[in-house]
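1. give the three-dimensional model of this entry:
(2 chains)
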Amino acid sequence: MPDLSINFCGVRSPNPFWLASGPPTNTAYQVMRAFDAGWGGAVWKTIGEPIINTASRYGSIDLKNERMMGLNNIELISDRPIDVNLREIAEVKKRFPQHTVVASLMVESKRETWHDIVRRTEDSGADMLELNFGCPHGMSERGMGAAVGQVPEYATMITGWVKEVARTPVIVKLTPNVTDIAHMAAAAKAGGADAVSLVNTFNSLVSVDLDTYAPRPSVAGLGSHGGYCGPAVKPIALHMVSAVAKHPKVNIPISGIGGIGNWRDAVEFMLLGATSVQVCTAAMHYGFRIVRDMIDGLENYLEDKGLNSAMQLVGKSVPRIEDWGNLDLNYKIVAKIDEEKCIGCNLCYIACEDGAHQCIRVEERPRGDLRHGVILKHVPHVLEDECVGCNLCALVCPVPDCITMVQVDTGRAHMSWRQLQEARGKSPQCSMEELLARSKSSGI
Amino acid sequence: MFKDPAPRLSPEQLEKNFADINPPLTPAQALEEGSRCLFCHDAPCIKACPTEIDVPQFIRQILTGNMRGSARTILQANILGHSCARVCPTSVLCEGACVLNGQGKKPVEIGKLQRYAVDPVIANGTQLFKPGSANGYKVALIGGGPASLACAAELRKLGYETVIFDANPQPGGLNTYGIAAYKMRAHDVQKEIEMVRALGVEIRSATAVGRDISLAQLEREFDAIFLGIGLGATDDLHIPGEELEGCRDALSFIEETKSKNFADVQIAKRIAVIGGGNTAIDVVTAARRLGAEEVYMIYRRGPAEMSAFEYEYELAKKDMVVFWWQALPVRIIDDGHGRAAALECVRTEKGPADARGRASFVPVPGTEFQLEVGMVVKALGQKRKTDFLQQIVKLELKNGCIVVDATTMRTSNPKYFAGGDCVNGGGEVVDAVAHGKKAAAGIHQALEVQKGRRAHAGSQY
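-> Below you'll find the model as predicted:
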């Protein structure tokens, strides 16, 4: 049986699945239910000076009849007193000593205030601290959350204050609402952060009611921008995690967050450099029970891959993230349509024709129906010489494994854009004619 | 009265028995079902629809909440899209062509989605189309069924003055009188016809051409005439006892279930229905719903040769109808009071192929058997209205059906166009609508396009 436990900054967690700081980790009751369900850790809902929340708070987007592809919230940090939260953390730690409890903190940007909250929190027995430098709404206007996370100097400074007194590992939670998140991770590292977690939510306005003109979520007909998360943000979060993992000045553990709902998502984050993963939207959608398949699925996956520890996944794909300029321009694939599997929807044709490179042909479908014995499966065909190997047809095809991208041996050596430039000893700037001449001589 | 009438069911029970077999989708069901549509390019469902409704488009419009747009997409291709959503044999048309079948999945329930899109427009009387400005031409349409309604609606959009002459008290033809009640009620059809009427189509009901108005008068007063007269009475059995009380034809029986209260439709306890088509199925299922205890379907050929659609056959099976395959009626036996008491049949066996290559079924002497029934219903197909059609000069007929140009639906008499059952010998509502549309385009080509507008520009009908 593979070992799912992880070591995060010296803290052992029974598995890499943590609940992210948010509504599911608001109370000891919820966190204990989560641990009973199988979650390895929980990041408590951010503790700070109590606030007052609005009704309503959440809005979402659906995709056809799939609900909550993306979730937006205008909820703030915990609306319960600090001492109540800390007392409950102590209670949870007492009952679940092996599970990881991370306290998420956000207070005024004053050195003494931070010192005070760090000391009080650590006394409660939390295993780690997570500094919320990411909340994009409500708190940022008060000089907290993203207001700190968007200015590298502030992030370094406040992390430094925390590290002056902290005895437990300090995770800095990063906002994605910046130009270069890896730069912000480096700033946190410079302040002494032991780890980073990312991403916090994206600035968003999730939708507008077409009848009332009110944005959603609406508070008495008015709305405000909020934080966006859920399945829709996963690809952006994956990129950001990989960028932080690759950045030479960071090199500290990462807790990955953003649209994770199952073990497959979790594995992707781990392959790109995350040691633990944090889940919020999926738990808000389906409850804590989703972790059962996450655990089971990860175990089976590790077994299938012949790995004996989840830690072996961490960063496995990072070396495969390359600059575009290093990709092989002589690598060629073409689309192949399996005529047996094809159901004749022609989506590949129209996608290629209107949205790509006009490399698929299909005859117009004749009229007819089953009364006259007409059952026409209309199979398109690929003009392989024209196909640029873009994948679009395979992506739109509704039938699994019907369109595959098959490698074509060009017989040409690896040639990247960078190699091309270097071979010519010229600047990347050149005329179209020159560019064509260069690619031709390189066999591209 | 029958020799042995069926026990009376309560009006509540009858209403329940005839409840819609395809209840409308809820918004949640429509969203889920619509989401299954792949939005095929050059979609086969469109190609399999005689009226070429842009199915992927109207489903997409349901999904975006553009309900009026969805209904318009349907109704501009098929003005009787409301009826067709309920009565089309979708499993051999759009749904039969759905690519999901090829993946071993259930096809998208296009018929139900179409009903979901059109129902609100019909219920609210939303007028989606406007008549064209008057072009000065007048077209008479004989028969008030789907072909004429579709043709008239198209012509009104183009600015023609249209008058439908219909012998029945209510317009709609077989749509009103011939569709099983559990698929569609007569009042549903009337609401749909209101939409056609609102376009400015004049409908003269209870007006039989040749009796109340002459063909000559129509020819004088109108620039073109469309024949949408359908077919005639049910074919006879030509066996002894056919005149007995309790022996009747399928169409008048269905018509009764559509125009009377169910409780007022007389039914025997045991019934034999003769025929193997969709109409025969309509009769056996209606008979069971009305309270008949034993219903026999008598067909001279086997199940493979039956012209009824598979899903219709399934309906009859669910209703526990007893099928007598390869049985041929020989005579109806009198109970001594002029009422049917039993039906005598003889078994058949496969004989040599007929002229069309279809296996013939011939009686096997000595295999006669009797079924004790108080009612015998003939569902044998319909006679042609040859007598009426022969009054029209130079109108070419083939097997009693009107010969038309397949593109323009023009007959051999250039003044006349035709469509629907009187052309194809009996088809679906959607086929009749497609004919009506084509004929409207054909009439438009023959009149305004070739001769120019007759009314001055700007004048409104």
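2. make it CA atoms for all contacts and neighbour counts henceforth
-> Will do.
3. low pLDDT regions in the stretch 251-400 of chain A?
-> A:375-376 (pLDDT under 70).
4. any idea how far A:P81 is from A:P253?
-> 31 Å (Cα to Cα, to the nearest Å).
5. these two: who's more crowded?
-> The neighbour comparison of A:P81 against A:P253 (other Cα atoms under 10 Å in any protein chain shown) goes to A:P253, with 22 against 13.
6. tell me the contacts of A:D293?
-> The contact partners of A:D293, by Cα atoms under 8 Å, 6 or more residues apart in numbering or on different chains, come to A:N262, A:W263.
7. host element of B:L218?
-> Taking DSSP states H and E as the definition, one finds B:L218 inside helix B:215-221.
8. what's the answer for A:R12, then?
-> Here A:R12 is assigned to strand A:11-13, by DSSP H and E.
9. and that strand, which strands flank it?
-> strand A:6-8 (antiparallel) (DSSP bridges).
10. quick one: buried residues of the strand it pairs with?
-> Residues of strand A:6-8 classed as buried by neighbour count (16 or more other Cα atoms under 10 Å in any protein chain shown): A:I6, A:N7, A:F8.
11. please name the nearest non-neighbouring residue to the second one.
-> Sequence neighbours aside, A:S13 is the residue nearest to A:N7 in space, at 6.4 Å (criterion: Cα to Cα, 6 or more residues apart in numbering or on different chains).
12. burial count for A:I77?
-> Around A:I77 there are 27 residues (other Cα under 10 Å).
13. tell me the contacts of the nearest residue to it once chain neighbours are set aside?
-> Of all residues not flanking A:I77 in the chain, A:T46 sits nearest, at 5.1 Å (Cα to Cα, 6+ apart). Neighbouring residues of A:T46 by Cα under 8 Å, 6+ apart: A:S21, A:G22, A:I77, A:S78, A:A103, A:S104, A:L105, A:M106, A:N132.
14. which one among those gets closest to B:T26?
-> B:T26 lies nearest to A:G22 out of the contacts of A:T46, by Cα to Cα, at 35.1 Å.
15. got a list of what the closest residue to the closest one other than its chain neighbours touches?
-> Distances taken as Cα to Cα, 6+ apart place A:K45 nearest to A:G22, at 4.8 Å, with adjacent residues excluded. For A:K45, the contacting residues are A:A20, A:S21, A:G22, A:P23, A:P24, A:T25, A:N26, A:I77, A:S78, A:A103, A:S104, by Cα under 8 Å, 6+ apart.
16. so what touches stretch A:296-312?
-> A:M1, A:P2, A:D3, A:L4, A:S5, A:I6, A:N7, A:P16, A:W263, A:R264, A:V267, A:T275.
17. which elements pack onto the helix or strand the last one falls within?
-> Going back to what we said before, that points to A:T275. Per DSSP H and E: A:T275 is located in strand A:274-279. Under the contact definition 3 or more Cα pairs under 8 Å, 6 or more residues apart in numbering or on different chains; DSSP states H and E, strand A:274-279 sits against strand A:6-8, strand A:17-19, strand A:254-257, helix A:263-271.
18. list the beta-bridge partners for A:K332.
-> Beta-bridge partners for A:K332, by DSSP bridges, are A:V408.
19. what's the neighbour count on it?
-> Neighbour tally, A:K332, other Cα under 10 Å: 17.
20. so it touches A:G389, yeah?
-> Yes: at 6.7 Å, A:K332 counts as touching A:G389 under the criterion of Cα atoms under 8 Å.
21. any part of stretch B:429-438 near chain A?
-> No: judged by Cα under 8 Å from any Cα of the partner chain, stretch B:429-438 stays clear of chain A, getting no closer than 12.0 Å.
22. name the residues of the stretch 51-200 of chain A found near chain B, please.
-> So far as Cα under 8 Å from any Cα goes, the stretch 51-200 of chain A lies against chain B at A:K64, A:N65.
23. can you pull out the helices in the stretch 51-200 of chain A?
-> Here the stretch 51-200 of chain A has its helices, by DSSP state H, counting those that start in this stretch, at A:82-95, A:111-124, A:146-149, A:152-165, A:181-190.
24. domains in chain A, by residue range?
-> For chain A, the domain assignment from automatic domain parsing gives the residue ranges A:6-318, A:324-409, A:412-444.
25. the longest one: how far from the chain's middle?
-> Taking the mean C-alpha point of domain A:6-318 and that of its whole chain, the gap between them comes to 11 Å (Cα atoms, centre = their mean, to the nearest Å).
26. contacts for stretch A:244-256, please.
-> So stretch A:244-256 is contacted by A:8-9, A:181-182, A:185-186, A:189, A:194-199, A:237, A:241, A:269-270, A:272-278, A:315, A:318 (Cα under 8 Å, 6+ apart).
27. what's the ChimeraX syntax to select whichever of those residues are buried?
-> A single ChimeraX command selects the buried members of those (16+ other Cα under 10 Å):
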select /A:8,9,181,182,185,186,189,194,195,196,197,198,199,237,241,269,270,272,273,274,275,276,277,278,315,318
